[in-house]
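Below are the sequence and a predicted model; questions follow.
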Amino acid sequence: MLRATGKLWEKAIRMTSFSEGETTRRDFSLLVFAGLSALAAGTVPSTAGEPLTEQKAREALDPWYQAVFTGDPKQVAEVLAPEYQILRSDGSGHDKASYLEALPRHHVRSTFSEIIATGNDAVMVMRYRIETDQTVNGKSVKGISPRLSVFRKEGDRWLMSAHANFAPLV
């Protein structure tokens, strides 16, 4: 990276001599801009999603689940982002307000497995399996099903923005 940047500066210096044809200030400015961009690209941290540990994923997942398990809309509201949406396996969905009026009722504490998370310090996306026994919209949901959740960081806490629940509603 630094070697490439050094070569750009060498070329920029040669360009200012105007010995090989007409080189304009515009050409020089473009080259300097390209060099500075290359240098900045090497010093700015990546914002791409990277694999995260299960422990890091649980920092977002556990507070959300604990709130939902209580069944208390006030506690659940604290872990949901304003833009929150859920999509269920039957195609039905909720925004934050309607979800808080139709919370599932858990009969036992669920267990999580196969947690795969990617993200960074601001956003986390995870897929996992959950074994659950609950009632959703008057329908029984029991067994192991896949889930997909998206969290975003606000201050020092993770808020759930989106959730896809693939559990069959019977």
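Received, thanks. Numbers count the residues shown, from 1 in each chain.

residue contacts, Phe166?
Ser89, Ser145, Pro146, Arg147, Leu148 (CB atoms under 8 Å, 6 or more residues apart in numbering). No exception for glycine: its C-beta is placed from N, CA and C like everyone else's.

Now do the contacts for the second one.
Neighbouring residues of Ser145 by CB under 8 Å, 6+ apart: Ser89, Arg129, Ile130, Thr132, Asn165, Phe166, Ala167, Pro168.

Just the buried ones from those residues, in ChimeraX syntax?
Buried members of these, defined by 16 or more other CB atoms under 10 Å, are picked up in ChimeraX with:
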select :130,132,165,167
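
Can you list which of the contacts of Phe166 are found in strands?
Ser145, Pro146, Arg147, Leu148 (DSSP state E).

would JSON lines of those residues with pLDDT and distance to Asp121 be doable?
Shown next, in JSON lines, are the ones in strands among the contacts of Phe166 (pLDDT from 0 to 100; distance: CB to CB, whole Å):
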{"residue": "Ser145", "pLDDT": "94", "distance to Asp121": "29"}
{"residue": "Pro146", "pLDDT": "96", "distance to Asp121": "26"}
{"residue": "Arg147", "pLDDT": "97", "distance to Asp121": "23"}
{"residue": "Leu148", "pLDDT": "97", "distance to Asp121": "21"}
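
Leu100 - nearest residue in space that isn't next to it in sequence?
Once flanking residues are discounted, Leu100 sits nearest to Pro73: 4.4 Å by CB to CB, 6 or more residues apart in numbering.

What of Gln75?
Nearest residue to Gln75, sequence neighbours excluded (CB to CB, 6+ apart): Ala67, at 4.2 Å.

Do you have the strands of the chain handy? List them.
Counting by DSSP E, the strands of the chain are 50-52, 80-88, 93-95, 105-106, 111-119, 123-136, 139-154, 157-165.

Out of those strands, indicate the one that is most buried.
strand 157-165 (a mean of 19; mean count of other CB atoms under 10 Å).

Using CSV, write down the CA coordinates of stretch 90-107.
Provided in CSV are the C-alpha atoms of stretch 90-107 (Å, rounded to 0.1, in the frame of the first residue of the first chain):
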residue,chain,number,x,y,z
ASP,A,90,-47.6,-17.8,7.5
GLY,A,91,-46.8,-14.5,5.8
SER,A,92,-48.3,-12.3,8.6
GLY,A,93,-46.2,-9.6,10.0
HIS,A,94,-46.1,-6.8,12.5
ASP,A,95,-44.5,-3.4,13.0
LYS,A,96,-43.3,-2.5,16.5
ALA,A,97,-46.6,-1.1,17.7
SER,A,98,-48.8,-4.0,16.6
TYR,A,99,-46.2,-6.6,17.8
LEU,A,100,-46.3,-5.2,21.3
GLU,A,101,-50.1,-5.8,21.2
ALA,A,102,-49.7,-9.4,20.1
LEU,A,103,-46.7,-10.7,22.0
PRO,A,104,-46.2,-14.5,22.0
ARG,A,105,-46.8,-16.4,25.3
HIS,A,106,-43.9,-18.6,26.2
HIS,A,107,-44.6,-21.8,28.1
